[in-house]
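# Predicted structure and sequence below. I'll ask about it afterward.
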Amino acid sequence: MFTPTKKTIALADGREITLETGKLAKQADGAVELRLGNTMILATVTSAKDADDGVDFMPLTVEYKEKFSAFGRFPGGFTKREGRASDYEILTARLVDRVLRPLFPSNYHANTIVHIIMFSSDGVDAPDALAGLAASAAIAVSDVPFEEPIAEVRVARIDGQFVINPTFDQIKQADMELMVGATYDNIMMVEGEMDEVSEDDLIAALKAAHEAIKPMCIAQKELAAELGVVKREYCHEVDDEDIKTRLRQECYPKCYEVAKAGCADKQWRNEQFDKALEEFIETIPEEEREEKMPMISRYFHDVQRDAVRRCILDEHIRLDGRQTDQIRPISCEPDYLTYPHGSALFTRGETQALATVTLGTRLDEKLVDDVLRHENERFLLHYNFPAFSTGEARAPRGVSRREIGHGNLAHRALKRMIPDDFPYCVRVVSDILESNGSSSMATVCAGCMAMLDAGIKMRKPVAGIAMGLITDEGNVKHAVLSDILGDEDHLGDMDFKVTGTVDGITATQMDIKCDGLPYEVLEQALRQARDGRLHILNLINQAIPEAREDYKPHVPRIVTMSVDKEFIGAIIGKGGEVIQGIQEETGATITIDEIDGRGEIEISAANADSINAALDRIKAIIAVPEEGAVYTGKVQSILEFGAFVEFMPGRDGLLHISEISWDRLENMEASGLHEGDEVTVKLIEIDKKTGKFRLSMRALQEKPEGYEEPRRAPRPPRRDGNGGGPRRDGGNNRGPRRDGGNNRGPRH
């Protein structure tokens, strides 16, 4: 019988996180059960004992899954079981992957799988903030090599105070929300969104998050020590010191010259680097080349990396010849395509994004049906990264995790700038046509211009920029790079993306690959990013100073209105017959939602006439009948004593035979009315007790000269126990009728 081992971590607000191992999933290399309140997550790690032949990288896969049973729900769809990962699950897995990956030993190449499963949740605590801690703890109690434990927390600013791992309800109140991953000593990853906060506020949030992470890292070390964990021995790389030395001697000068040339053409640089490698390979005996190629490629990558970094640090020359704070040439072209509702082409150096905007109705909203989130999204942003954008000959294979992650960052950057009362559903699509550095930030810029071109009165334009960092051993020298190239990202120590307006930051994403990044360097990167962002915003403003005054002619028009809840049924009608009839007759599309006890109506159509016709019909339905008002209605039914007329949509009134004409009518046939006739009537009485309506046609006719109303016969005394005599008319206790039904005397 296994005895579980537990560790408890106290949060500042009194809640506790419990880590337990030794009870569940014991055949995995490492498994930890994490609990916070009613949330339970199980994280496991399994790693192959040996690396596959020819693998010279870390083949890590992180999977995050939420069970619908965790929240007491059935999955949707035909099969009623969990299917492919949702965007939320993919984004959570990416957050964990980005922190874990740099902390595996660089020479460890065994296939490693991290599974994180949410088995219980009451919808109060956000599980994505706990996934990184659970995964790291599973690795900490395993024999899988790992440099040091990490943890992730969400930090939110609510009413000016930082809250660690806030609840879902608290997150809604925050003006800043960040996910931060770190070791005890260093921040490794940041991602989040905010309401135009300052650089100083962002730094303060990172410091608060890091302080909360430190006890979590200590708890994992204590757990591993208590279990007596010993990491496995491995040998996944074969080295040849002679080749390593010769390659550095022969290739480093050539790589340094390529880096120092400062050529902006990526293809030329790649050709020169490849040429240097090929020339060295020619010095290797042909029969040994295939065997030696993995290590030669690895050694050359290290030489190339060192040459590029030293050139930047020692001579302040970047690969494309720019200064460290210089932005590449930028071209902004709004309204690039004629028929999409909005479009823009943004080109920055060798990175190019073509963005389009489509405006839709409520029927176009995206239904999010995740385990803990069931709602509609009115702002969508989709990012596409085809292989041709980097010159690769690779067939498309569906939407990648990278595309979902980059699209999510751009989505966060732009969504808070849409006005609250904007009636349309918005879809932004960014297609990357060229890529050499920060296509996600190009998406933000192109998306912003396309939204303005579509006529969206954004609160403020948004731009984004990616910052890089080069450091040497011991952080003696460092260089912060603005608007980094793809190679500078790959060979550098930091990828720090910052988006914002002229007044503050709206979203950020940072991955750090080096140890011990001082906050002073981070502050320098943020200041430099702000300068670059303002430069780009100025160019966007020159290209499109404000939103299009009116939408393009083919954009569907939308009008919204709010009605009392009691009118929703009347507008929809029995079986939807009323609303369907309005749509068929007017050509408009009508949707109704009950929000906060009121009916929120959206009317959309291709032209104003259709919208106005639908509005008139709805206004007639919700109008309150007024005594003395004149209405045009339709005869619904003919009875012996009169007719029922629908004088307002869904409202019928009695038009008595005596109110049809000033002339005496013997019967309804004499009235000339038929079902379906359109008549003009006056509402002469509303019965306050029953709510019934009395209508009149004769009230709208000129009264004949000398006309006198017939006199009513006096009622005889009643003798039925209520003071009156016996009834003589079968029930109404009145004398026999003398006028064919209205119990009045003869007309004069």
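Good, I have the coordinates.
# For the rest of this, base every contact and every neighbour count on C-alpha atoms.
OK.
# And the strands in the stretch 251-400 of the chain, which stretches?
Across the stretch 251-400 of the chain, reading from the start of the chain, the strands by DSSP state E, counting those that start in this stretch fall at 330-334, 342-348, 351-360, 366-369, 374-377, 379-384.
# now these as TSV including mean neighbour count, mean pLDDT and distance to Ala212?
What follows is the strands of the stretch 251-400 of the chain, written out as TSV (neighbours: other C-alpha atoms under 10 Å; pLDDT from 0 to 100; distance: least, C-alpha to C-alpha, whole Å):
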stretch	mean neighbour count	mean pLDDT	distance to Ala212
strand 330-334	19	97	41
strand 342-348	26	97	39
strand 351-360	26	96	38
strand 366-369	14	89	31
strand 374-377	12	89	30
strand 379-384	21	96	33
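# Tell me which of those strands lies nearest to Glu646.
With distances scored as C-alpha to C-alpha, the stretch of those nearest to Glu646 is strand 351-360 (35.4 Å).
# who does the closest one pair up with?
The partner list of strand 351-360 in its sheet, established with DSSP bridges, is strand 342-348 (antiparallel), strand 425-434 (antiparallel).
# and it with strand 379-384, angle?
For strand 351-360 against strand 379-384, the angle by axes from the mean of the first three to the mean of the last three C-alpha atoms, to 10 degrees is 140 degrees.
# From the chain's centre, how far out is strand 351-360? Work that out for me.
Strand 351-360 has its C-alpha centroid displaced from the chain centroid by 16 Å (C-alpha atoms, centre = their mean, to the nearest Å).
# On the three-state scheme, Ile621 is what?
Each residue gets one of three states, and Ile621 gets helix by DSSP: H, G, I helix; E, B strand; the rest coil.
# Just the local confidence number for the residue lying closest to Ala355 once chain neighbours are set aside, please.
Distance criterion C-alpha to C-alpha, 6 or more residues apart in numbering; nearest residue to Ala355, sequence neighbours excluded, is Ser430 at 4.3 Å. At Ser430 the predicted local distance difference test score is 97.
# Serialize the strands of the stretch 251-400 of the chain to JSON lines and add fields for distance to Pro285.
Compiled in JSON lines, those are given as follows (distance: least, C-alpha to C-alpha, whole Å):
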{"stretch": "strand 330-334", "distance to Pro285": "48"}
{"stretch": "strand 342-348", "distance to Pro285": "44"}
{"stretch": "strand 351-360", "distance to Pro285": "40"}
{"stretch": "strand 366-369", "distance to Pro285": "59"}
{"stretch": "strand 374-377", "distance to Pro285": "61"}
{"stretch": "strand 379-384", "distance to Pro285": "44"}
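# Ser438: which of those strands is closest?
strand 351-360 (7.5 Å).
# tally of neighbours for Thr324?
Burial of Thr324 is recorded as 20 neighbouring residues (other C-alpha atoms under 10 Å).
# Can you report phi and psi for it?
When quoted as degrees, to the nearest 10, the phi and psi of Thr324 stand at phi -60, psi -30.
# For it, which residues are in contact?
Neighbouring residues of Thr324 by C-alpha atoms under 8 Å, 6 or more residues apart in numbering: His316, Ile317, Arg318, Ala479, Val480, Leu481, Ser482.
# Go again with 10 Å.
Residues near Thr324 by C-alpha atoms under 10 Å, 6 or more residues apart in numbering: 312, 316-318, 467-469, 479-484, 528.
# and what of Ala140?
Contacts for Ala140 (C-alpha under 10 Å, 6+ apart) come out as 30-32, 45, 134, 146-150, 217, 220-225, 229-231.
# hmm, try it at 8 Å
Contacts here follow C-alpha under 8 Å, 6+ apart; on that basis Ala140 touches Gly30, Phe146, Glu148, Pro149, Gln220, Lys221, Leu223, Ala224.
# now, among those residues, which is nearest to Gly181?
Distance ranking of the contacts of Ala140 against Gly181, using C-alpha to C-alpha, places Pro149 first at 10.6 Å.
# I'd say the closest one and Ala135 touch.
No. Proximity of Pro149 to Ala135 does not meet the contact threshold set by C-alpha atoms under 8 Å, at 9.5 Å.
# quick one: which of these two has more around it?
The residue with more neighbours, out of Pro149 and Ala135 and counting by other C-alpha under 10 Å, is Ala135; that gives 31 against 25.
# give me phi/psi at the more buried one?
Dihedral angles (degrees, to the nearest 10) for Ala135: phi -60, psi -50.
# is the residue nearest to Ala355 in a bridge, and if so with what?
Checking Ser430 by DSSP bridges, which sets the bridge assignment, gives partners Ala355, Tyr383.
# distance of it from His411?
11 Å (C-alpha to C-alpha, to the nearest Å).
# I'd like the contacts of Thr324 as JSON lines, with neighbour count, distance to Ile686 and secondary structure appended.
Compiled in JSON lines, these are given as follows (neighbours: other C-alpha atoms under 10 Å; distance: C-alpha to C-alpha, whole Å; DSSP: H, G, I helix; E, B strand; the rest coil):
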{"residue": "Ile312", "neighbour count": "22", "distance to Ile686": "87", "secondary structure": "helix"}
{"residue": "His316", "neighbour count": "16", "distance to Ile686": "88", "secondary structure": "coil"}
{"residue": "Ile317", "neighbour count": "20", "distance to Ile686": "87", "secondary structure": "coil"}
{"residue": "Arg318", "neighbour count": "24", "distance to Ile686": "84", "secondary structure": "coil"}
{"residue": "Met467", "neighbour count": "26", "distance to Ile686": "73", "secondary structure": "strand"}
{"residue": "Gly468", "neighbour count": "27", "distance to Ile686": "76", "secondary structure": "strand"}
{"residue": "Leu469", "neighbour count": "27", "distance to Ile686": "79", "secondary structure": "strand"}
{"residue": "Ala479", "neighbour count": "20", "distance to Ile686": "82", "secondary structure": "strand"}
{"residue": "Val480", "neighbour count": "22", "distance to Ile686": "79", "secondary structure": "strand"}
{"residue": "Leu481", "neighbour count": "29", "distance to Ile686": "78", "secondary structure": "strand"}
{"residue": "Ser482", "neighbour count": "25", "distance to Ile686": "75", "secondary structure": "strand"}
{"residue": "Asp483", "neighbour count": "27", "distance to Ile686": "73", "secondary structure": "coil"}
{"residue": "Ile484", "neighbour count": "30", "distance to Ile686": "75", "secondary structure": "coil"}
{"residue": "Gln528", "neighbour count": "19", "distance to Ile686": "73", "secondary structure": "helix"}
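# Same list (the residues you listed) but as a markdown table, adding distance to Lys260.
A markdown table is the format used below for those (distance: C-alpha to C-alpha, whole Å):
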| residue | distance to Lys260 |
| --- | --- |
| Ile312 | 9 |
| His316 | 9 |
| Ile317 | 6 |
| Arg318 | 7 |
| Met467 | 21 |
| Gly468 | 18 |
| Leu469 | 18 |
| Ala479 | 16 |
| Val480 | 18 |
| Leu481 | 16 |
| Ser482 | 18 |
| Asp483 | 18 |
| Ile484 | 16 |
| Gln528 | 23 |
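# Just the pLDDT for Gly77.
82.
# Repeat that for Leu491.
At Leu491 the predicted local distance difference test score is 88.
# Would you agree it is in contact with Arg305?
Yes. Taking C-alpha under 8 Å as the definition, Leu491 is a contact partner of Arg305 at 5.5 Å.
# who's in contact with Leu414?
Contact analysis of Leu414 by C-alpha under 8 Å, 6+ apart lists Val444, Cys448, Val462, Thr506.
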